[in-house]
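# Predicted structure and sequence below. I'll ask about it afterward.
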Amino acid sequence: MLQTHYQVTTTTTSAHLAQTMTLLSLTNTDLLQKVETELANNPALELVEEHRCPMCKRILPPNRICPVCSQPKNSERDEAIVFISPREDFYTYSGEYFDNEPEEQIIYEGIDLPTFVLRQIATELDPKDRIIVAYILTNLDEDGFLTINSLEIARFHHRLPSEIEALIKRLQRCEPIGVCSKNPREALKIQAEILSETVKLPKLTLEIIEKGLDLISHHHYAELAKQLNTNPNQIELAAKFITDNLNPFPARAYWGDVRNPTEIDNHVYHNPDILIYHLNDNPENPLVVEIILPIRGTLRVNPLFKQAFKTIEAEKAEEWKGDLEKATLLIKCIQQRSNALRLLMEKLVVMQKQFILNGEKSLRSITRAEIAKELSMHESTISRAVSGKAIQLPNKRIVPMAMFFDRSLAYRSLVKEIVEKEEMPLSDNEIQEILAQKGINIARRTVAKYRSMEGILPAHLR
DNA sequence: CTATGGCACGGATT
DNA sequence: AATCCGTGCCATAG
């Protein structure tokens, strides 16, 4: 008797642990998907009606007030406000909410990329074009690239290819700029064109995008310079402009090393899982850390199902019991995931506050193990929580959460700064000496590595 | 001869 | 156990 009881408890807890683990490592995009399939398949699970904060329109759990809007004005607290925020539109490219009344018959659940784009131009479109635009938008891949060509669309809708092209052109000018392009090159081109209407592009920018993307991504500036009959400096200038201002994957978050997009690993990250910003975007205000929960409303076990379960006949009871357990388990695990993320972020904002405010130079090198120790969690828990997640910083840059644990980033940006300020091209050895004067002792070989990681040419080519 | 990049090794981190 | 990272050694280009 005692033994069976023991058996049962251990199996349930280990299942519980296993699921918490897997949920923890999921990004919001994946979690959303998981929850949606569970909702569809499990009658015991229920999504209760949403409660919106009247101020900011965030969806809140029932009977809760919005932690951000309700924050007292006299908040003299130094620490950041960290909270879990159930939001449907976790595609927060600009952080804006759209309150327009829903457009005609095309209704999407929640806000995803297609909806996000559609709402920008729906009102100014000819009604007969809306269907086509919606059709185009449903054929985007995860990076916002078009997976079908304009001819197919034209044939499908009995329209002229040129009309379709024109529509696509208009779509490409929507946020995220360059969406609906065929490939990174086209996306870059659009972005460059739009930018050129307000700023002056470096010479050859368009030519490089057209012909030299491969070479640029491998830093073969000299070779490209030869092809285009110019000098490497010109190329480098343009390359810097491209990497600083343009994004080859418009619908994807900035990720790792933009310069070698081919090497971005298989997980595709688009949306920030966590937002960090100043309250009301005023730098005077305290930091707010918003851990986004991509669920529209609150998940709970359906009380009707629970009631019905008591009166059900024995043969179905087995199946129902399973559903019931699965539902409670999922809810618990999601709570645990949120909780772990919250604890982690509370520590992380304090430790990396300087980095969040002042940029890469001020990144403290901390390890996941240290945090794990402080929170008395297992290292692997932290690892899972960090891996694959994206964070939006106050400057609107979306970076991998792993960046908070990058040991060399601070040094790398120092190297970059030194090179930018140099009068004569400094050799790696000289850079190493400058760093040594600042109390940073790293090997010459390492300086070289950092330099190339930052995409900076060797001294004799500068 | 100097500056730099490739390779590989060992220790740290995950 | 697997992976990442800093570093030393050596070849090569300039």
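Received the coordinates, thanks. Everything quoted here is computed from the prediction, not taken from an experiment. Numbering: from 1, shown residues only, chains lettered A, B, ... in the order given.
# Next, please give the residue ranges for the strands of the stretch 351-462 of chain A.
Ranges of strands in the stretch 351-462 of chain A, per DSSP state E, counting those that start in this stretch, are A:390-392, A:398-400.
# from the ones you listed, which stretch is densest packed?
Stretch with highest mean neighbour count among the strands of the stretch 351-462 of chain A: strand A:390-392 (a mean of 24; mean count of other C-beta atoms under 10 Å). Any C-beta I mention is one placed from the backbone N, CA and C, and that applies to glycine too.
# Does anything pack onto the helix or strand encompassing A:A192? Which helices or strands?
For A:A192, the enclosing helix or strand under DSSP states H and E is helix A:184-196. Contacts defined by 3 or more C-beta pairs under 8 Å, 6 or more residues apart in numbering; DSSP states H and E place helix A:184-196 against helix A:161-172, helix A:205-211, helix A:213-217, helix A:232-245.
# right, and the ones you listed - which one's nearest DNA strand B?
Among the helices and strands packed on helix A:184-196, helix A:232-245 comes nearest to DNA strand B, with 12.6 Å by C-beta to the nearest atom of the strand.
# got any ranges where the stretch 1-150 of chain A has weak pLDDT?
Applying pLDDT under 70 to the stretch 1-150 of chain A flags the ranges A:1-14, A:71-78, A:88-113, A:116, A:119-120, A:142-143.
# give me that answer again for 80
For the stretch 1-150 of chain A, applying pLDDT under 80 flags the ranges A:1-22, A:29-30, A:49-79, A:86-128, A:130, A:137-144, A:147, A:150.
# So which residues of it form helices?
According to DSSP state H, counting those that start in this stretch, the stretch 1-150 of chain A carries its helices in the segments A:2-24, A:28-41, A:113-121, A:127-138, A:150-157.
# Report the separation between the residue in chain A that DNA strand B sits nearest to and DNA strand C.
Nearest to DNA strand B, among the residues of chain A, is A:A459, at 3.0 Å (C-beta to the nearest atom of the strand). Separation of A:A459 from DNA strand C (C-beta to the nearest atom of the strand, to the nearest Å): 11 Å.
# Run a quick neighbour tally on A:A459.
Counted with other C-beta atoms under 10 Å, residues neighbouring A:A459 total 17.
# Isn't it up against A:S427?
Yes: the criterion here is C-beta atoms under 8 Å, and A:A459 meets it with A:S427 at 4.7 Å.
# mean pLDDT lowest for which of the helices and strands packed on helix A:184-196?
Here the lowest mean pLDDT among the helices and strands packed on helix A:184-196 goes to helix A:213-217, at a mean of 66.
# Show the subsequent helix or strand relative to it.
By DSSP H and E, the next helix or strand past helix A:213-217 is helix A:221-227.
# what packs against that next one?
Secondary-structure packing of helix A:221-227 (3+ C-beta pairs under 8 Å, 6+ apart): helix A:213-217, helix A:232-245.
# Excluding covalently adjacent residues, which one is nearest to the residue of chain A closest to DNA strand B?
Counting by C-beta to C-beta, 6 or more residues apart in numbering, A:A459 lies nearest to A:P425, which is 4.1 Å off, once chain neighbours are set aside.
# near DNA strand B, which residues of chain A?
Chain A has residues A:367-369, A:379, A:383, A:387, A:405, A:427-429, A:444-445, A:448, A:451-452, A:457-460 near DNA strand B, with proximity defined as C-beta under 7 Å from any atom of the strand.
# Extract the C-alpha set from stretch A:230-243 and format it as CSV.
Extracted in CSV, the C-alpha atoms of stretch A:230-243 (Å, rounded to 0.1, in the frame of the first residue of the first chain):
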residue,chain,number,x,y,z
THR,A,230,36.9,51.2,-55.9
ASN,A,231,39.0,50.9,-52.8
PRO,A,232,38.3,48.8,-49.7
ASN,A,233,37.6,51.8,-47.6
GLN,A,234,34.5,52.7,-49.6
ILE,A,235,33.3,49.2,-49.4
GLU,A,236,33.9,49.0,-45.7
LEU,A,237,32.0,52.2,-45.2
ALA,A,238,29.0,50.9,-47.1
ALA,A,239,29.2,47.5,-45.4
LYS,A,240,29.1,49.2,-42.0
PHE,A,241,26.1,51.2,-43.1
ILE,A,242,24.4,48.0,-44.2
THR,A,243,25.0,46.1,-41.0
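# And it, how far out from the chain middle?
Average the C-alpha atoms of stretch A:230-243, do the same for its chain, and the two points are 28 Å apart (C-alpha atoms, centre = their mean, to the nearest Å).
# tell me the domain boundaries of chain A?
A:2-104+A:271-404, A:111-265, A:409-461 (automatic domain parsing).
# how much space is there between the residue of chain A closest to DNA strand B and A:V447?
Relative to A:V447, A:A459 is positioned 11 Å away (C-beta to C-beta, to the nearest Å).
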